[in-house]
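Enquirer: Below are the sequence and a predicted model; questions follow.
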Amino acid sequence: MNYSAGQFDIAVIGAGHAGIEAALAAARLGCKTVVFTINMDAVGNCPCNPSIGGTAKGHLVREIDALGGEMGKTADECFLQSRMLNRGKGPAVHSLRAQIDRRKYSDVMKHKLELQENLELHQAEIVDIKKNENGYTVTTRMLGEYNVKAVIIATGTYLGGRIFVGEVSYESGPDGIFPASFLGQSLKDLGLPLRRFKTGTPARVLRSSIDFSDLEEQLGDEPPIPFSYDTEELGENKVKCHISWTNEKTKEIILENIKRSPLYGGKIEGVGPRYCPSLEDKIVRFAEKKRHQLFIEPCGLDTEEMYLQGMSSSLPEEVQVKFYHTIKGLENCVIMRPAYAIEYDCVDPTEMKATLEFKRFAGLYGAGQFNGSSGYEEAAAQGLIAGINAALKIQGKEELVLDRSTSYIGTLIDDLVTKGANEPYRMMTSRSEYRLVLRQDNADVRLTPVGREIGLISDERWKKFNRKQQLKKEEIKRISKVVIPPSDEINEILVSRETSPLTTGAKLIDLLRRPQLSYEDLTPIDKTRPELDNNIFEQVEIEVKYAGYIEKQLRQVEQMQKLENKKLPDKTDYTEIKGLRLEAQEKLNKIKPLNIGQAFRISGVSPADINVLLIWLGQKRR
Amino acid sequence: MLYRCNFMSNSTIAAISTAQGEGGIGVIRISGIRAIEIADSIFKSVNDRKLSGLKGYSAAYGYIVKNNETIDECVATVFREPRSYTGEDVVELSCHGGLFITREVLRIVLDEGALPAQAGEFTKRAFLNGKMDLTEAEAVADIISAKSKTAARAALCAKEGALWNRIESVKKKLIATAAHLSAWADYPEEDIEEVSTEGLNAAFLEANNTLENLLSTYDKGQIIKEGIDTVIAGKPNAGKSTLMNMLSGHDRSIVTEIPGTTRDVIEEKALVGDVILRLSDTAGIRETEDTVEKIGVDLAKQRLKNGGLVLAVFDSSSTLDKNDYDLIDAVKDSQTIAVINKSDLRSEIDEEYIKSRIKRVVKISAKTGEGREQLEKLIIEIAGTENFNPSEGILANERQRQAALNARDSLKEAMETLRMGMTFDAVGVSLEDAIGYILELTGERVSEVVVDNVFHNFCVGK
């Protein structure tokens, strides 16, 4: 017999990276929220790499933080080592990545959910979602019925999860936790088309069984840089990572056993990510490559488990032992958890609006791997937006859609709901056409005002933000005024940086414009420099040095916005526009793009179709 | 006033769709849901059959009648949607040519409720109804306005893709470069080949050169399509207007014996071989007190500087005077043909002096037509079009040229950014701009400017 377990504004199904952000945002915006986790010890679990950030993902974490999300702060609290990737390649592609203590991350996140006002955290498997007059009824395996106004589905790899290790296969969520086996059928009954994706993870091995003596070390940056604009200081890096390589012998073993891989043996139907391939995938697809790199990363301070980044596999355990043992440093490694592939149910994200609400089901939202993405950061970003929008809608406020020119978050969601995902979607800097504007250093400038308006930025933080902007302005004013006279000291610096020496005085700002010179280089001669946060110097330098390019990019943004501003009526029946090709009519009717800009990004809609739409819009207006 | 906005696809539009001016037949095209109904209301067939009773692709002979008054004889051709140029119901009324009659018939059609077609509207509708794609539409615009055979051939080539192949190679190269830059930035820890300044520069340079080549064909293409600006200069009464009339084939300028009767720059087009000359007959260059004439003279001097081709006219029946020497001085650095006129009269002129200053000299009599062939040969030689291969793939119009220019400029910026030692993300901004412009050129990227530009170039009636 079902029993009535309570009434809430919002139910969040799943307490992974998406669910956490969704639940916290909804509760913080004043909605009575309940979040369900299948296992209380799996809240904020990192079942794959023990790190947060990376190229483009680091941007996402900064943006989540700027909007008032939690991931960046928790990553900082649990940080073990931090590196700014791509330092030499320009500010647009600088990306922060931190190794984190994965158990601690999980504990800290769980505790934050527990302490959050308006939020209840329950261990429960949701087995059913049904529509009722006022919203939805979600039912737990224990027969508890919750009546809610909105539901956010963030089921990760749990939904219909199935693990594959060689010939062995069984129903399971990640890390041996049981899967959500019933919800999938309920969603199908509701009318959501589900499909199978797969992903995988490498083995964890015992630290004391690794021979580090010949391995290259990978150290963190000094000083390490935090993700969160709230974190003042991180302290010192706490761990080292190591690098090793596979070899011909590894390749040989894998190729000998390739038929035993469920992927190559045809047992897995799910589509895996091209961007994060298993080792056997890499060896088969890039046959000419003699070796592949791997990183050995600690999983935490209170554990001896080491993660082998780049070595995911779904070969039988027996084969895994053999091939891992061919790798330098791992000759005698003890595998504590074997590598596995996991297949799970997810939805076609083109079923959703850019608010992450299902077009056909008001009040039903999706986020994270359920939406076809991969990665903790991508999940958290969507969770945050789904949580915000569910709350805004319940409160009758205008919903939040971030366009592509505002953020990687906006780009991610626009890609998902417009183009769909044929494989797990991973964020990359190349997905954005506005990289020089969407930098990780200026996420606060771009998004903190948005977060403030929504109500996720505290007074204190807002004050701090404004103060920072003020200081930045003053610093730009200062360097525009200060003139450096020619001297041996400055010219020595200039010559050593391979840039021309001064014959007359030069403004500090003009020196900083030279690509060869940084703030740091100019320290000895910049006597009036104030004590400021490093991030301010970073932003000032980039804005000064790249001013022309940033301006150019802003013009590109303007061009795009012209197309984005051409709104397409919600109720348009595209089959009535005769000039459109059949495929375009079908795609446009399915996606229902908000504007011409979005319509153009739909695959299957050609420029000729867009021209037809533009002219059609033109005649409608007249 | 009928000139309210009429771009509604359910409206019926009409326009004269043959070249306006003299001609054997003038066609008034009506397109839209009421096309046949409107035509029926003004057309009376000889056998009293209604056009509404006709199938598509059939014609009827009869008269255009208004208030019981017969305006003209007419053949009405009926096209049923979607099998027509626009994809809508279309009636074409073929009447006698001549501006007056065709305009009169159009006026009656408009009185019956059709709206005057805007520039390019028939083709816009064809495009909207899926009858052609944008690049085709653009090529159609070129063919319609093509003034010579070679121009029409070049326009056809653009449509069939000779240009595309050249652009395609540039595009592929740049996209591959951008992709390499992206991979290199997105996967800092995998072994992806380093991106080097030299490698980038080489790729940009190659693309830049292809674009430069392409752009250099534009001027030739323009000569073919638009014609060559030609200034006829010379002292008063040297015979400029007579020369102009000889080339263009009819009297246009006022030709008198009184110096200074041509006061304005008069434009005329003449077809010489495959070359269109855009002739301007200028007021004679001489010092003058007459203010009206002075304006004409200033205008003429300006045209001398801008003109693509100068025909400097001299009167062989008189000796060189100050005006002639000034003219020789003014044009010696331009592409000039010295035309020694009045070969039918006794020669008093110092030919050797002219030949020593101006390379190409021809003797003619504008009055009798003597020397005309020789002059035409020289003109074709200067236009440089005799070896022009239209299938080479040229930039067909100003829009395409602008896109190619923008792409080239973006590449130059990218190379400059590299040279300054900026990081590659800054280089990427210009690179992506370049790719964007190339996609605009090939019609793979849309900006409204493109569409507007394309349709702006359609003449009314097509």
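Expert: Received the coordinates, thanks. Residues are numbered from 1 along each chain as shown, chains lettered A, B, ... in the order given.

Enquirer: domain ranges for chain A?
Expert: The record assigns chain A these domain ranges, following automatic domain parsing: A:3-198+A:344-454, A:204-340, A:482-552, A:565-621.

Enquirer: which of those sits most buried?
Expert: Scoring the domains of chain A by mean neighbour count under mean count of other Cβ atoms under 10 Å in any protein chain shown gives domain A:3-198+A:344-454 as the most buried, with a mean of 23. For glycine as for every other residue, the C-beta is placed from the backbone atoms N, C-alpha and C.

Enquirer: Quick one: check that one for contact with chain B.
Expert: Yes: contact of domain A:3-198+A:344-454 with chain B (Cβ under 8 Å from any Cβ of the partner chain) involves A:55-56, A:85-86, A:88-93, A:95, A:428-430, A:433, A:435-436.

Enquirer: Can you lay out the domains of chain A as a markdown table showing mean pLDDT?
Expert: Shown next, in a markdown table, are the domains of chain A (pLDDT from 0 to 100):
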| stretch | mean pLDDT |
| --- | --- |
| domain A:3-198+A:344-454 | 96 |
| domain A:204-340 | 92 |
| domain A:482-552 | 93 |
| domain A:565-621 | 83 |
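
Enquirer: got a list of what the residue in the stretch 51-200 of chain B that chain A sits nearest to touches?
Expert: Closest approach of the stretch 51-200 of chain B to chain A (Cβ to the nearest Cβ) occurs at residue B:182, with a separation of 3.4 Å. The contact partners of residue B:182, by Cβ atoms under 8 Å, 6 or more residues apart in numbering or on different chains, come to A:428, A:429, A:430.

Enquirer: Chain neighbours aside, what residue packs nearest to the second one?
Expert: Right, residue A:429. Spatially, and ignoring its direct neighbours in sequence, residue A:429 is nearest to residue A:56 (4.7 Å; Cβ to Cβ, 6 or more residues apart in numbering or on different chains).

Enquirer: now residue B:60
Expert: For residue B:60, ignoring the flanking residues on the chain, the nearest one in space by Cβ to Cβ, 6+ apart is residue B:45 at 4.3 Å.

Enquirer: domain ranges for chain B?
Expert: Domain assignment for chain B by automatic domain parsing gives B:13-132, B:155-222+B:397-456, B:227-383.

Enquirer: Identify each of the helices in the stretch 51-200 of chain A and give its residue range.
Expert: All helices of the stretch 51-200 of chain A, identified by DSSP state H, counting those that start in this stretch, fall at A:57-67, A:71-77, A:102-115, A:183-190.

Enquirer: out of the ones you listed, which comes closest to residue B:233?
Expert: Relative to residue B:233, the nearest member of those by Cβ to Cβ is helix A:57-67, separated by 64.9 Å.

Enquirer: Tell me which other helices or strands that closest one touches.
Expert: Judged by 3 or more Cβ pairs under 8 Å, 6 or more residues apart in numbering or on different chains; DSSP states H and E, helix A:57-67 is in contact with helix A:71-77, strand A:95-100, helix A:376-394, helix A:408-419, helix A:443-454.

Enquirer: related to what we said a few turns ago, show me the residues of domain A:3-198+A:344-454 next to chain B that map onto strands.
Expert: Under the assignment DSSP state E, these contribute A:85, A:95 to strands.

Enquirer: Leaving out the residues flanking it, which one is nearest to residue A:5?
Expert: Spatially, and ignoring its direct neighbours in sequence, residue A:5 is nearest to residue A:144 (3.3 Å; Cβ to Cβ, 6+ apart).

Enquirer: who's in contact with that neighbour?
Expert: Residues in contact with residue A:144 (Cβ under 8 Å, 6+ apart) are A:2, A:3, A:4, A:5, A:6, A:124.

Enquirer: ok now do the residue of the stretch 151-300 of chain A found nearest chain B, which residues does it touch?
Expert: Nearest residue of the stretch 151-300 of chain A to chain B, counting by Cβ to the nearest Cβ: residue A:293, 6.6 Å away. Counting by Cβ under 8 Å, 6+ apart, residue A:293 makes contact with A:243, A:244, A:245, A:310, B:189, B:190, B:191.

Enquirer: re the thing from before, does the residue nearest to residue A:5 have beta-bridge partners, and which?
Expert: Beta-bridge partners recorded for residue A:144 (DSSP bridges): residue A:3.

Enquirer: residues contacting the residue of the stretch 1-150 of chain A found nearest chain B?
Expert: Per Cβ to the nearest Cβ, residue A:90 is where the stretch 1-150 of chain A lies closest to chain B, at 3.0 Å. When contacts are counted by Cβ under 8 Å, 6+ apart, residue A:90 touches B:422, B:423, B:424, B:425, B:426.
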